[in-house]
Structure formats: structure tokens, C-alpha cells
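*Asks:* Need a 3D model of the following:
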Amino acid sequence: MAVSTRWIVIAALAAGIAAAAGLASGDAQSASPANRPNVVVLMTDDQTVESLRVMPNVRTLLANQGVTFDKSFVSYSLCCPSRATFLTGQYAHNHGVWSNAAPNGGYYKLDSTNTLPVWLQRAGYQTIHLGKYLNGYGTRSKTEIPPGWGEWYGTPDPSTYRYLGYTINENGKLVTYGNAAADYKTDVEARKAVDIIGRQVLDPRPFFLWVAFLAPHSGGPRDPDDPTGLGTPSPAPRHRNYFATQPLPIPPSFNETDVSDKPAGIRNRPLMTTAKIAAVRESYQQRLESLLAVDDAVGQIVNRLAEIGELDKTYIIFTSDNGFFHGEHRVPAGKVLLYEPSIRVPLIIRGPNIPARQHRSQLVANIDLAPTIVAATGAQPGRIMDGRSLLPFARDHLFYGGRDLLLETPTYAAIRTPNWLYAEYVSGERELYNLAHDPDELTSLHADLRYARTQADLARRLAQLRGCAGRACRQGPELALRGRFQRGRGPRSCRHSRVLVTVGGPSVRRISNTGFYLDGHLLKRDWRAPFAAVVPKRLVRPDGSLLEALVTLTDSRRQTLPRHIAGCG
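*Replies:* As a prediction, the model looks like this:
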């Protein structure tokens with residue numbers, strides 16, 4: 001039997017490199033910047049996934065026209081570290097921003113000379129920032145413009161946290177806005193974004209626009225119905241009390257009764273009183289109301305892109321810098337903690353070659369945003385990024401990376417997998433949750449000896465992530481798809497030949513099942529070793545086909561092993 005493997009190895013390497021970089025037809029491959037796509041990032045502050053339901057423009061113009069990532073997380077659920085991750089594609093232990101303020105965090109802690117806008121500017125992009133930047137920006141010089149930005153409309157602290165009566169640094173000139181309805185910050189940012197986009201038709205360069213809304217973050221001025229002792233946003237005057245009758249969501253974790261399995265930081269919290277719950281409800285209602293102006297802004301921005309003929313060549317990314325608590329686990333407000341309401345964020349992408357009305361269940365994180373933009377634009381990063389492009393995930397529902405996600409703050413490090421959350425605190429405390437059976441994280445299993453082996457395995461993988469950099473941060477199970485080509489006989493030997501593929505590697509003993517797909521269609525599924533498939537060349541398209549082995553491991557991770565199989569055409 002004649003066997004040849006060289007061709008399939010070379011094809012697989014090419015396919016793997018392209019998939020890792022997120023490159024496909026339609027991505028930025030041209031040497032001319034004018035042919036590259038625009039990128040618009042719309043980022044809210046402290047928004048939960050649940051609150052998307054009150055944003056019809058986001059749903060209609062973005063989600064219905066693109067891909068929604070249902071399992072999107074932030075590695076450090078706090079404003080400045082999260083935004084630093086967005087600008088670098090790195091975990092906090094690599095970019096070095098560990099808090100919102102000096103000496104361990106804040107705007108001046110980040111090396112701003114080596115960030116995403118700098119890379120994009122070098123690639124020939126016009127770069128524009130509008131809205132909130134990193135915490136502490138403007139505390140030394142309110143007219144400072146960070147490196148890499150061609151146009152700048154940033155809000156220097158502390159007026160960043162005001163919806164009325166604030167200041168914007170407009171390309172080096174400080175402009176103060178008053179307290180009239182027309183000065184409402186989200187509306188001003190919407191008008192500026194529309195104006196900025198309209199002006200880009202006169203610029204031959206593609207553009208990158210980051211619009212960073214304050215909403216639904218708390219901020220002044222205080223409104224008459226603000227609860228005592230709990231920060232709230234100030235909704236636009238036209239939206240005040242719009243959700244005054246809206247009930248507060250009450251998930252099983254709300255005001256959790258038994259927290260004996262939780263760390264001291266939760267155990268020491270008292271049960272919320274009736275008055276505190278009423279305050280949380282008022283805050284929740286105002287947060288929803290503040291998002292209505294953001295939704296109006298999204299509609300205006302998308303419509304303006306369509307009017308100037310740029311919508312179809314623009315990637316639009318909608319997300320938040322972190323989530324927020326509304327009473328879960330006795331936490332009336334805030335973030336930073338490792339529980340789902342804090343770390344889970346909205347993420348929607350629409351743009352060239354992105355399918356419409358699609359949902360993805362792969363684990364993704366804010367470390368992936370910079371790599372996605374780099375892959376889409378052809379920019380060259382100046383840092384070793386820890387994340388990976390989301391474009392392959394968006395375009396292929398069968399594509400899984402198999403990696404674990406790291407959650408980290410100065411007080412804990414945790415690992416998030418599809419079904420497990422395991423945390424280690426500097427205090428020596430531990431938490432372990434089986435999210436498949438306990439999605440609300442009610443019962444920690446860290447002291448249950450039945451899960452000792454699972455905990456040990458997660459602890460080992462967490463130790464590897466805590467100091468990871470680059471490729472090591474996104475390393476999946478050690479698996480490979482091995483192929484052998486068997487040539488047929490006769491004048492049409494190619495059509496009668498076949499390819500034998502087998503999943504192997506050190507992690508093969510962890511495999512639960514494997515599905516083999518040819519051009520998206522299931523060929524077969526194996527539930528026991530050997531995990532292998534035979535691909536007749538008569539099933540392969542003349543220009544070649546994509547074979548994917550989607551491997552599910554016993555620990556809940558999923559990894560796709562792609563192979564390009566040459567056709568007989």
C-alpha cells in the first residue's frame with residue numbers, strides 16, 4: 001500500500017497557521033491600507049449580559065447581523081486592568097496594570113507607547129478615541145494625548161464619572177459641557193461619533209474608532225430618586241423612570257442564604273435587608289435606563305456607517321469592560337470577584353465575512369480583542385499577545401481552541417473551563433464549582449474528597465497559566481490529527497484513494513468522544529479509542545475540503561483539529 005503524508009502535513013500547517021491568525025478571504029491581506037476594513041469598538045462600562053435585552057438596536061443592528069459570543073469573559077473584572085488588556089491582548093501579569101490607581105495600576109502604569117492604537121497607526125490607520133480611557137488619565141495633564149491616537153476626545157478624570165457637567169479633551173483643547181439635556185454625555189458622544197465617521201470619507205485611510213461609553217457605570221449628578229449609600233448612573237432625562245416598574249432579577253444566588261462554603265470575603269457579608277434590596281432594585285433600574293441612550297447611539301453610528309457606504313467593510317465590536325453584581329452572593333454592587341455576574345460580559349461582532357444571527361459557545365475573553373483586530377487589519381503587534389483572534393470562532397461553529405481561561409487579581413488566581421471554576425486565594429482559601437450542575441455557583445466542592453483528582457488537575461493547569469505568556473496562555477490539550485494517504489488503483493486512482501486520519505497525542509487518554517466533519521457535515525463520531533476516520537477522496541471537493549476532528553475531553557474542554565484535504569480536480 002503506497003503511503004504519502006508530506007502533502008497533508010504541509011496543507012495542515014498552512015490551514016493551522018491561517019486559523020491561528022484568524023485570516024481568511026476578506027481579511028486584511030492587501031498591502032494598501034485603503035483596502036483594509038475599518039474597526040469600530042463600542043464599549044460600555046459595568047454592563048451585564050442580562051441587560052442586553054433592553055437594547056433593541058444592539059440586537060437588531062449588531063447581533064442579528066453578526067455573531068454573539070455567549071461565553072465571553074474578562075480576565076480581571078475591573079476597569080483599568082480590563083482596558084489595559086483590551087489595548088495589549090495580554091493578561092494583567094504581563095501588561096502590569098493591577099488596579100485602577102497608582103502605584104500598581106492606573107493609566108500611567110501602562111506602557112502606552114506599545115499598544116493597539118500605536119500598532120494600527122503604524123499600519124496606516126486613522127485612530128480615534130472617544131469617551132472614557134484608562135482610570136487616572138488626565139490627573140497629571142488634562143490635555144495629554146496618549147501615543148497612537150490620531151484624533152482624541154478623551155474625558156480626563158475626575159469628570160469622566162459625570163453624565164452632565166464634564167470636560168472633554170478634544171485634540172488638546174479642553175471643552176466643558178453643561179447641565180442641559182443636550183449636554184448629556186452619551187448623546188454628545190453619539191453626535192461626535194457620527195460626525196467623526198462622516199469625516200472619514202475624505203480620508204483615504206481606513207479608521208479605528210473606540211467609543212467608550214460611561215454607562216451603565218455609576219456617576220453624577222445625583223438624581224432625586226437615587227438610593228442612599230449605593231452609586232447609580234444618571235439616565236438621560238428622556239429615559240428617567242422608564243423602567244420604574246421593572247422587577248429586580250432574583251437568580252438562585254441572589255442574597256445567598258448559606259455562604260459557609262465561600263471565602264471570608266463573602267462569609268462576612270450580612271444578608272441584605274429589605275431596604276438594601278430596594279436600593280439594589282433602584283440602581284438596577286437606573287442602569288437599564290442609562291443603556292437606552294447607548295442603544296440610541298449604536299443606532300446612529302451604524303446608520304451613519306451605512307449612509308457613507310462603509311458599513312459592509314467595517315467590523316463592529318460591542319462589549320463591556322466588566323460585568324456587575326446586583327445582589328448575587330450578597331454583593332449589592334460591584335465587580336472584581338470571580339463569580340459569573342462579574343466576569344461575564346456581552347460580546348457581539350459583525351463585519352466582513354461574519355455570519356448573521358449566529359451564537360457561539362466557545363470560551364473567549366478580552367485577551368482576544370486585540371488579536372482579533374490585529375488579524376482583521378493586518379497590523380503588526382509590538383507585544384507577545386496572550387489571546388487569539390476570534391475570527392475563526394465567529395466563522396466556524398465547529399472551531400474550538402481547547403484552552404483554559406485565567407482569572408487573576410492581586411488576591412486570587414482562578415481557572416475557568418467549560419464546566420469548572422477553580423480558585424486559589426492568597427489567604428490559602430479555595431473554591432471549586434461544577435458549572436454544569438451548579439451554574440449559579442452555590443456550592444463549592446473544594447473540600448469534597450470525591451473531587452480531589454479534578455481539583456488537583458485544575459490546580460496544575462492553573463499553575464501553568466499564572467505565569468504564562470503568548471502561546472502558552474492559549475495552549476489546549478496535547479492532541480494532533482495524524483493522516484495517511486492511501487492511493488487507489490486504475491486510471492482514476494485519485495478518485496479511488498482515501499485519507500486515514502487518527503487523533504493522537506499525550507492527551508488522547510482524556511478524550512470522551514470525537515466527531516469528524518467534512519466541510520461542516522458529520523462523517524462519524526467515535527465514543528472510544530481509536531478515534532479515527534476514513535475520508536474517501538470522492539467526497540472531497542475538487543478544490544479541496546476541510547476536515548475537522550472536534551474532540552471533547554472528559555474534563556469538558558473541546559478542541560478542533562483541522563486538516564485541509566486536497567481534491568482531485
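*Asks:* tell me which strands and helices the longest helix anywhere in the chain is in contact with?
*Replies:* When the chain is scanned for its longest helix (criterion: DSSP state H), the result is helix 274-307. In terms of contact count using 3 or more CB pairs under 8 Å, 6 or more residues apart in numbering; DSSP states H and E, helix 274-307 is assigned the packing partners strand 38-44, helix 56-57, helix 185-199, strand 314-320. (Each C-beta comes from the backbone N, C-alpha and C, glycine too.)
*Asks:* now those in JSON lines, with distance to residue 520?
*Replies:* What follows is the helices and strands packed on helix 274-307, written out as JSON lines (distance: least, CB to CB, whole Å):
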{"stretch": "strand 38-44", "distance to residue 520": "28"}
{"stretch": "helix 56-57", "distance to residue 520": "31"}
{"stretch": "helix 185-199", "distance to residue 520": "36"}
{"stretch": "strand 314-320", "distance to residue 520": "23"}
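*Asks:* would you turn those into TSV with mean pLDDT?
*Replies:* Written out in TSV, the entries for the helices and strands packed on helix 274-307 read as follows (pLDDT from 0 to 100):
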stretch	mean pLDDT
strand 38-44	98
helix 56-57	98
helix 185-199	98
strand 314-320	98
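*Asks:* and residue 291, which of the ones you listed is closest to it?
*Replies:* Closest of those to residue 291 is strand 38-44, at 7.2 Å (criterion: CB to CB).
*Asks:* and the closest one, which strands flank it?
*Replies:* Strands flanking strand 38-44 in the sheet, each with its direction: strand 207-212 (parallel), strand 314-320 (parallel) (DSSP bridges).
*Asks:* could you dump the ones you listed to CSV with distance to residue 537?
*Replies:* Supplementary listing: the strands paired with strand 38-44 in CSV, determined by distance: least, CB to CB, whole Å:
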stretch, distance to residue 537
strand 207-212, 44
strand 314-320, 37
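*Asks:* Redo those as a markdown table? Include distance to residue 124 and mean neighbour count.
*Replies:* Shown next, in a markdown table, are those (distance: least, CB to CB, whole Å; neighbours: other CB atoms under 10 Å):
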| stretch | distance to residue 124 | mean neighbour count |
| --- | --- | --- |
| strand 207-212 | 10 | 25 |
| strand 314-320 | 16 | 24 |
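*Asks:* Out of these, which gets nearest to residue 261?
*Replies:* So among the strands paired with strand 38-44, strand 314-320 is nearest, using CB to CB, at 28.8 Å.
*Asks:* and that closest one with helix 185-199, angle?
*Replies:* Inter-element angle recorded for strand 314-320 and helix 185-199: 170 degrees (by axes from the mean of the first three to the mean of the last three CA atoms, to 10 degrees).
*Asks:* next one: the next helix or strand after strand 314-320 to chain centre, how far?
*Replies:* In the C-terminal direction, the helix or strand that comes right after strand 314-320 (DSSP states H and E) is helix 340-343. With CA atoms, centre = their mean, to the nearest Å as the basis, helix 340-343 stands 13 Å off its chain's centre.
*Asks:* taking the mean pLDDT, what do you get for helix 340-343?
*Replies:* Averaging pLDDT along helix 340-343 yields 98.
*Asks:* same deal with stretch 253-262?
*Replies:* Taken as a whole, stretch 253-262 has an average pLDDT of 98.
*Asks:* and what of stretch 136-156?
*Replies:* For stretch 136-156, mean pLDDT rounds to 96.
*Asks:* What residues sit buried inside that stretch?
*Replies:* Under the neighbour-count criterion of 16 or more other CB atoms under 10 Å, stretch 136-156 has 136-139, 142, 144, 146, 148-156 buried.
*Asks:* hmm, back to that, also compute the angle for the longest helix of the chain relative to strand 314-320, please.
*Replies:* Per the same axes, to 10 degrees, the angle that helix 274-307 makes with strand 314-320 is 170 degrees.
*Asks:* Would you mind identifying the next helix or strand past the helix or strand residue 119 falls within?
*Replies:* Here residue 119, judged by DSSP H and E, is contained in helix 116-122. Following the chain from helix 116-122 toward its C-terminal end, the next helix or strand by DSSP H and E is strand 126-131.
*Asks:* elements contacting the next helix-or-strand element following that following strand?
*Replies:* Following strand 126-131 in sequence order, the next helix or strand is strand 151-154 (DSSP H and E). Using 3+ CB pairs under 8 Å, 6+ apart as the contact criterion, the secondary-structure elements in contact with strand 151-154 are strand 126-131, strand 167-170, helix 185-199.
*Asks:* Any idea which of these gets closest to residue 516?
*Replies:* For the helices and strands packed on strand 151-154, distance to residue 516 was read as CB to CB. The smallest value, 43.8 Å, belongs to strand 126-131.
*Asks:* Just checking the distance from that closest one to the centre of its chain.
*Replies:* For strand 126-131, the gap between its own C-alpha mean and the chain's C-alpha mean amounts to 20 Å (CA atoms, centre = their mean).
*Asks:* Can you check what angle separates that strand from strand 207-212?
*Replies:* What separates the directions of strand 126-131 and strand 207-212 is an angle of 10 degrees, with the same axes, to 10 degrees.
*Asks:* Would you mind checking the average pLDDT for strand 126-131?
*Replies:* For strand 126-131, the per-residue pLDDT averages 98.
*Asks:* quick one: strands adjacent to that strand?
*Replies:* Looking at strand 126-131 with DSSP bridges, its partner strands are strand 151-154 (parallel), strand 207-212 (parallel).
*Asks:* after the longest one comes which helix or strand?
*Replies:* Same thing as strand 207-212. Past strand 207-212, heading to the C-terminal end, the next element that is a helix or strand (DSSP H and E) is helix 264-267.
*Asks:* Work out the gap between that following helix and the centre of the chain.
*Replies:* Averaging C-alpha positions (CA atoms, centre = their mean) puts helix 264-267 29 Å from its chain's average.
*Asks:* who touches the residue nearest to residue 98 when sequence neighbours are not counted in this structure?
*Replies:* Closest residue in space to residue 98, ignoring its immediate chain neighbours: residue 104 at 4.3 Å, by CB to CB, 6 or more residues apart in numbering. Neighbour list for residue 104: 97, 98, 410 [criterion: CB atoms under 8 Å, 6 or more residues apart in numbering].
*Asks:* wait, which of those is closest to residue 65?
*Replies:* Using CB to CB, residue 97 is the member of the contacts of residue 104 that sits closest to residue 65, with 33.4 Å.
*Asks:* just checking, the closest one touches residue 109?
*Replies:* Yes: with contacts counted by CB atoms under 8 Å, residue 97 reaches residue 109, the gap being 4.9 Å.
*Asks:* residues bridging contact with those two, i.e. touching both?
*Replies:* Common contact partners of residue 97 and residue 109 (CB under 8 Å, 6+ apart): residue 84.
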